[in-house]
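# Okay, here's the prediction I keep looking at, along with the sequence it came from:
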Amino acid sequence: MSMVYDEYGRPFVILKEQQAKSRIKGIDATKSNILAARSISSLMRSSLGPKGMDKMLVSPDGDVTITNDGATIMARMEVTHPVAKLLVELSASQDDEIGDGTTSVVVLAGALLEQAEQLLNKGIHPVRIASGLEKATKVACDKLDEISENLSTDKDEEQEIWLQTAKTTLNSKILHAHRDVMAQIAVEAVLKVADLERKEVHLEQIRVEGKPGGSIEETKLVNGIVIDKDISHAQMPKVVKDAKICILTCPFEPPKPKTKHKVNISSAEDYKKLYEQEQNYFKDMVQRVKDSGANVVLCQWGFDDEANHLLLQNGLVAVRWVGGVEIEHLAMATGARIVPRFEELSEKKLGTAGIIREISFGNTRERMLVLEDCANSHTAVTILVRGGNHMIVQEAKRSLHDAMCVVRNLIKDNRVVYGGGSAEIACSLAIRAVADTFSEID
């Protein structure tokens with residue numbers, strides 16, 4: 001540390017940050033990285049398998065999450081070490097690509113690094129260790145291809161195997177007590193959006209909505225779209241059959257200038273003219289909707305009581321503040337076109353649904369909207385998850401996501417290996433047999 005002065009005579013201090021620090025190099029740095037990865041792996045080990053325990057995670061804001069999903073735990077952890085962050089990314093990529101096994105990959109990586117550390121202590125170079133692990137990986141993959149079996153091509157037997165696999169996935173989840181029902185829901189939902197001939201599954205078309213209250217057993221599969229909204233006016237019909245739907249991304253309100261403005265009203269006549277002009281705007285908008293033949297209006301924006309009352313008088317059912325993602329799903333399911341301006345509204349841009357109904361839960365004001373028998377029924381699937389509280393609902397949604405991903409993977413590639421550790425033992429024996437043929441240190 002040294003004291004210097006600037007051109008005005010003001011003192012400031014120069015600190016040499018690295019003078020008191022010692023940089024870790026060589027094997028010590030490698031072992032430090034391994035220690036960081038092993039600490040993450042040991043933390044995740046206790047949540048692996050059917051006997052694994054859930055973790056309680058508390059965010060800086062005080063939000064509590066209880067889960068044993070590896071990807072969720074890793075994503076919520078505040079990790080600063082660069083190597084530990086690599087394990088977090090490993091878990092995230094496993095979740096994106098496969099959907100399950102997020103805890104297993106972290107534990108396996110930690111176990112391999114633990115064995116690598118023992119080889120480092122024997123004086124083997126890290127490059128040679130990495131080379132050996134790559135060769136072992138190839139041998140293990142070849143062995144898994146050899147011992148894998150193709151599932152039956154009979155549809156009934158195939159669905160039964162998918163069901164059993166989904167149940168196995170749910171064994172270590174919070175839904176294990178209700179795995180029979182939940183596995184059936186997961187398989188049916190995936191089959192709704194699956195193209196079995198092309199072996200493609202569009203999981204993004206499956207909506208998973210949660211509503212706290214009730215029990216997990218009340219979770220059900222809806223052949224339609226469920227949105228967490230209610231009908232905007234209490235006197236509007238709660239059930240609409242043969243619905244013709246227009247989806248609007250423009251608000252039910254008079255146009256506003258983009259610049260700052262003031263309106264000076266000096267008499268009652270001026271106010272009356274302004275009021276009548278505003279009414280004409282509302283009436284024109286509602287009339288355009290009615291002329292198109294629509295009887296249900298889904299609007300991305302809100303509208304005031306005046307527009308709401310006019311919609312009621314004209315026999316139109318309205319829903320406001322529908323989110324952007326929900327609007328896209330609704331457009332896909334009903335066959336409607338999203339309309340950005342009232343001038344573009346026409347009968348060709350309307351969607352259809354067999355029935356729209358509002359459902360309520362218990363004795364609360366919680367309501368949701370259900371659209372069934374949509375025009376494109378193969379893209380309209382929703383799982384409505386119930387649970388005692390918000391945490392249970394969120395964990396149930398994560399568990400169902402894992403089960404659906406496993407079924408999707410089986411549809412894409414119908415090869416399986418036997419569990420219970422038998423596949424791992426087979427790979428171990430194959431690697432040991434190949435290792436005996438090497439004369440080098442690899």
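It's in.
# going forward, measure contacts between C-alpha atoms and count neighbours the same way
OK.
# By mean pLDDT, which helix or strand of this structure comes out lowest?
Lowest by mean pLDDT, DSSP states H and E among the helices and strands of the chain is strand 2-5, with a mean of 64.
# Show me the contact partners of stretch 151-167.
176, 179-180, 183-184, 186-187, 403-404, 406-407, 410, 414-416 (CA atoms under 8 Å, 6 or more residues apart in numbering).
# do the same with stretch 281-300
Stretch 281-300 is contacted from outside by 243-254, 307, 310-311, 314-324, 327, 342-343, 345-347, 350, using CA under 8 Å, 6+ apart.
# if we can go back for a sec, inside helices: which ones of the contacts of stretch 151-167?
179-180, 183-184, 186-187, 403-404, 406-407, 410 (DSSP state H).
# what about Q164, is that helix, strand or coil?
Put simply, Q164 is helix when judged by DSSP: H, G, I helix; E, B strand; the rest coil.
# Low-confidence ranges, the stretch 301-442 of the chain, go.
Residues of the stretch 301-442 of the chain meeting the criterion pLDDT under 70: 364, 441-442.
# What segments of it are helices?
Counting by DSSP state H, counting those that start in this stretch, the stretch 301-442 of the chain has helices at residues 305-313, 324-334, 390-412, 422-435.
# and stretch 218-230, how far apart are its ends?
Across stretch 218-230, the terminal residues are separated by 21 Å (CA to CA, to the nearest Å).
# got the buried residues for it?
Of all the residues in stretch 218-230, those buried under the rule 16 or more other CA atoms under 10 Å are 219, 221-227, 229-230.
# contacting residues for K211?
Neighbouring residues of K211 by CA under 8 Å, 6+ apart: 384-387, 390, 393.
# quick one, the helix or strand encompassing it and helix 324-334 angle?
According to DSSP states H and E, K211 maps onto strand 206-212. For strand 206-212 against helix 324-334, the angle by axes from the mean of the first three to the mean of the last three CA atoms, to 10 degrees is 120 degrees.
# so A336 makes contact with L350?
Yes: counting by CA atoms under 8 Å, A336 does reach L350; the two are 4.8 Å apart.
# And those two? Which one has more around it.
L350 (25 against 22; other CA atoms under 10 Å).
# If you average the pLDDT over stretch 32-41, what comes out?
Averaging pLDDT along stretch 32-41 yields 88.
# From the chain's centroid, how far away is it?
Centroid displacement of stretch 32-41 relative to its chain, using CA atoms, centre = their mean, to the nearest Å, is 29 Å.
# Please apply the same query to stretch 233-250.
28 Å.
# Please point out which parts of it sit buried.
Neighbour-count burial for stretch 233-250, counted by 16+ other CA under 10 Å, picks out 233, 236-237, 240, 243-249.
# Give me the secondary structure label for V107.
Using three-state DSSP, the structure places V107 in helix.
# can you count the residues close to it?
Residues lying near V107 (other CA under 10 Å) number 22.
# Now do it, the pLDDT please.
91.
# Kindly report the same for S91.
Reported pLDDT for S91: 89.
# Excluding sequence neighbours, find me the nearest residue to it.
Counting by CA to CA, 6 or more residues apart in numbering, S91 lies nearest to T102, which is 5.0 Å off, once chain neighbours are set aside.
# Kindly report the same for P254.
Leaving aside its chain neighbours, P254 sits nearest to Y281 (5.9 Å; criterion: CA to CA, 6+ apart).
# Can you lay out the contacts of K211 as CSV showing distance to D436?
Below are the contacts of K211 laid out as CSV (distance: CA to CA, whole Å):
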residue, distance to D436
L384, 55
V385, 53
R386, 55
G387, 55
H390, 55
V393, 52
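# so which of those residues comes closest to G210?
V385 (4.6 Å; CA to CA).
# so who does the closest one touch?
Contacts of V385 (CA under 8 Å, 6+ apart): 208-211, 216, 218-220, 393, 396-397.
# Tabulate the residues you listed (TSV), appending distance to A375.
Converted to TSV, the contacts of V385 look like this (distance: CA to CA, whole Å):
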residue	distance to A375
V208	20
E209	21
G210	24
K211	26
I216	30
E218	27
T219	25
K220	21
V393	30
A396	29
K397	27
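# out of those, which one sits closest to K199?
Within the contacts of V385, proximity to K199 (CA to CA) peaks at V208, which comes in at 22.3 Å.
# Distance-wise, check that closest one relative to L163.
Per CA to CA, V208 is found 19 Å from L163.
# quick one: which of those two has more around it?
Higher neighbour count among V208 and L163: L163, with 24 against 19, using other CA under 10 Å.
# about what we covered before: was I right about the residue nearest to S91 contacting E89?
No: the criterion here is CA under 8 Å, and T102 misses it with E89 at 10.4 Å.
# And for K55, the neighbour number?
By the measure other CA under 10 Å, the count of residues near K55 is 17.
# my bad, should have said T137
Around T137 there are 14 residues (other CA under 10 Å).
# Checking it next. Helix, strand or coil?
Under the three-state scheme (three-state DSSP), T137 adopts helix.
# The one 5 residues further on too?
Assigned with three-state DSSP, D142 falls in the helix class.
# before we move on, the earlier item: from the buried residues of stretch 233-250, which land in strands?
Among the buried residues of stretch 233-250, DSSP state E puts 240, 243-248 in strands.
# Which of T102 and E89 has more residues huddled nearby?
The neighbour count for T102 versus E89, taken as other CA under 10 Å, is higher for T102 (26 against 15).
# downstream neighbour of the strand holding K211 in the secondary structure list?
Immediately after strand 206-212, counting by DSSP H and E, sits strand 220-222.
# Could I get the average pLDDT for that following strand?
The average pLDDT within strand 220-222 is 90.
# Need the contact partners of that strand.
The contact list for strand 220-222, computed with CA under 8 Å, 6+ apart, reads 185, 189, 372, 381-385.
# Pull the distance from it to the chain's centre.
The chain centre lies 18 Å from the centre of strand 220-222; the measure is CA atoms, centre = their mean.
# Just confirm D54 contacts T65, I think it does.
No: taking contacts as CA under 8 Å, D54 lies outside contact range of T65: 9.8 Å.
# Skip the chain neighbours and tell me the closest residue to A336.
Distances taken as CA to CA, 6+ apart put G351 closest to A336, at 3.8 Å, once the chain neighbours are dropped.
# So in terms of bridging, what pairs with that neighbour?
I245 (DSSP bridges).
# Pull the contacting residues for N280.
N280 neighbours (CA under 8 Å, 6+ apart): none.
# Show the average pLDDT along the helix or strand where it lies.
Here N280 is covered by helix 268-291, with elements defined by DSSP H and E. In this model, helix 268-291 carries a mean pLDDT of 86.
# C-terminal to that helix, what's the next element?
Using DSSP H and E, the helix or strand that follows helix 268-291 towards the C-terminus is strand 296-299.
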